[in-house]
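Colleague: Fold the following.
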Amino acid sequence: MPSLSPAIAEIRRAVRTALQPYAGSGTVIVALSGGSDSLALAAATAFEAPKLGLSVRSVTVDHALQPGSAEAAADAAAAATALGIDAAVVRVTVTGEGGPEAAARDARYRALAEAAQAAPGAVGVLLGHTLDDQAETVLLGLARGSGAASLAAMAPERRDEATGVRWLRPMLGVRRDTTRAACAAAGLHPWDDPHNTDTRFARVRVRERVLPALETELGPGVAEALARTAEQLREDAEAFAEMIDETIEDIVQPAEAGIAVSVAALAANPPALRHRIIRHVVASEFGASLSRSQTLEVARLVTDWAGQGPIDLPACRARRRGGLIEFTAGPAGT
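Modeller: Take a look at the predicted model:
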């Protein structure tokens with residue numbers, strides 16, 4: 001009997017580890033584009049999930065953004081069926097802000113979430129992101145100056161509070177070359193999405209130019225180092241989140257049309273925690289995100305108070321009133 005391909009074994013092990021906490025019963029959804037990453041993931045899930053008492057479905061999202069997309073989606077579903085997976089294709093309309101890439105991603109996640117919500121006893125949605133994807137995400141975050149939360153990149157597991165859907169990424173420790181090798185060893189024929197080599201997209205430029213240049217100039221192991229950085233920053237972010245959850249109820253109070261935070265409590269915290277509390281309050285109360293400069297302006301109401309007036313923020317305004325920083329709905333001056 002021929003030995004098992006190391007690439008197939010590595011991906012199966014990663015999937016088994018991700019699914020073991022949910023063994024027993026239920027359905028796992030595989031997001032299947034037909035590319036090597038998601039196809040290798042589907043094959044490993046088809047092998048591992050039944051042994052854990054889980055049924056498997058695949059969902060292929062057709063964004064209809066390029067010629068032949070319907071045929072590519074049908075081929076992906078056929079490959080899933082050949083693996084013994086209950087396969088579905090969902091066609092979506094891509095509209096929204098942020099450019100075609102962001103709009104397509106939003107439409108895809110909505111479709112996957114709806115499929116998970118409709119599945120009996122859905123455990124979660126498996127996504128085929130690899131270590132290479134993680135490294136690219138960290139580099140893009142660095143280029144945008146997005147802060148530690150962005151550099152923490154993608155989590156192996158995340159539950160969406162709004163939909164209740166659990167997103168699982170078993171292959172964040174697996175290289176993209178490994179998924180290709182697994183497909184070749186299993187006789188699977190992945191689809192090569194032309195968008196993955198289209199340098200109009202920043203992520204493709206990072207993949208095709210930036211990471212190879214870093215590997216050439218700094219030596220091998222850059223992608224792994226970036227992925228480790230994301231993991232460490234994610235641990236820090238989780239620790240900060242726990243600290244905020246433990247203290248937030250003691251330092252906030254209702255305000256007219258908003259919420260207020262104790263100046264003394266903010267001043268007593270180090271800047272990193274103070275800034276996170278400010279961002280957390282605005283995000284949770286008004287559903288808005290603050291930039292670095294906006295966060296620092298609010299922090300100056302605590303650390304450098306000189307009688308300055310209200311500060312315009314997305315969806316709200318901030319002002320100091322006595323020993324409180326008040327965040328209220330609407331623009332300053334209303």
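
Colleague: Name the SS class of W191, please.
Modeller: In three-state terms, and counting by DSSP: H, G, I helix; E, B strand; the rest coil, W191 is coil.

Colleague: for the closest residue to it other than its chain neighbours, what are its contacts?
Modeller: Leaving aside its chain neighbours, W191 sits nearest to G34 (3.8 Å; criterion: C-beta to C-beta, 6 or more residues apart in numbering). From N, CA and C alone the C-beta is placed, and that goes for glycine too. Residues near G34 by C-beta atoms under 8 Å, 6 or more residues apart in numbering: 60, 72-73, 75-76, 79, 190-191, 193.

Colleague: what about G34, which helix or strand?
Modeller: For G34, there is no enclosing helix or strand under DSSP states H and E.

Colleague: Contacts only, for L151.
Modeller: Residues in contact with L151 (C-beta under 8 Å, 6+ apart) are 138, 141-142, 229-230, 233.

Colleague: if you set the cut-off to 6 Å instead, what comes out?
Modeller: Listed by C-beta atoms under 6 Å, 6 or more residues apart in numbering, the contact set of L151 reads 138, 141, 233.

Colleague: before we move on, back to that, where does the residue nearest to W191 sit relative to L41, distance-wise?
Modeller: Distance of G34 to L41, given as C-beta to C-beta, to the nearest Å: 11 Å.

Colleague: Same check on E242?
Modeller: For E242, the distance to L41 - C-beta to C-beta - is 31 Å.

Colleague: and what of A122?
Modeller: Plainly put, A122 is 17 Å away from L41 if you go by C-beta to C-beta.

Colleague: Identify each buried residue in the longest helix belonging to the chain, please.
Modeller: In the chain, taking DSSP state H as the definition, the longest helix is helix 222-251. In terms of neighbour count (16 or more other C-beta atoms under 10 Å), helix 222-251 has its buried residues at 222-223, 226-227, 229-231, 233-234, 237, 240, 244, 251.

Colleague: count of neighbours near the residue nearest to T95 when sequence neighbours are not counted?
Modeller: The spatially closest residue to T95, leaving aside those adjacent along the chain, is A103, at 6.1 Å (C-beta to C-beta, 6+ apart). Neighbours of A103 under the rule other C-beta atoms under 10 Å: 18.

Colleague: Could I get the pLDDT score of A103?
Modeller: Looking at A103, its pLDDT reads 84.

Colleague: a helix runs through it, doesn't it?
Modeller: Yes: assignment of A103 by three-state DSSP places it within a helix.

Colleague: Would you mind measuring from it to V94?
Modeller: Per C-beta to C-beta, A103 is found 5 Å from V94.

Colleague: Repeat that for A40.
Modeller: Applying C-beta to C-beta, the value for A40 to V94 is 26 Å.

Colleague: quick one: which of those two has more around it?
Modeller: Per other C-beta under 10 Å, whichever of A40 and V94 has more neighbours is A40, with 32 against 17.

Colleague: Now for that one: which residues touch it?
Modeller: A40 makes contact with 11, 179, 182-183, according to C-beta under 6 Å, 6+ apart.

Colleague: neighbours of the closest residue in space to A23 that isn't next to it in sequence, just the number please.
Modeller: Leaving aside its chain neighbours, A23 sits nearest to L52 (3.9 Å; criterion: C-beta to C-beta, 6+ apart). The burial count assigned to L52 is 18, neighbours taken as other C-beta under 10 Å.

Colleague: sec struct for R317, please.
Modeller: Assignment for R317 (three-state DSSP): strand.

Colleague: Need the per-residue pLDDT for it.
Modeller: Note for R317: predicted pLDDT of 94.

Colleague: Distance-wise, check it relative to A257.
Modeller: With distances taken as C-beta to C-beta, R317 is found 10 Å from A257.

Colleague: quick one, which of the two is more surrounded?
Modeller: R317 (20 against 13).

Colleague: I appreciate the help and will end here.
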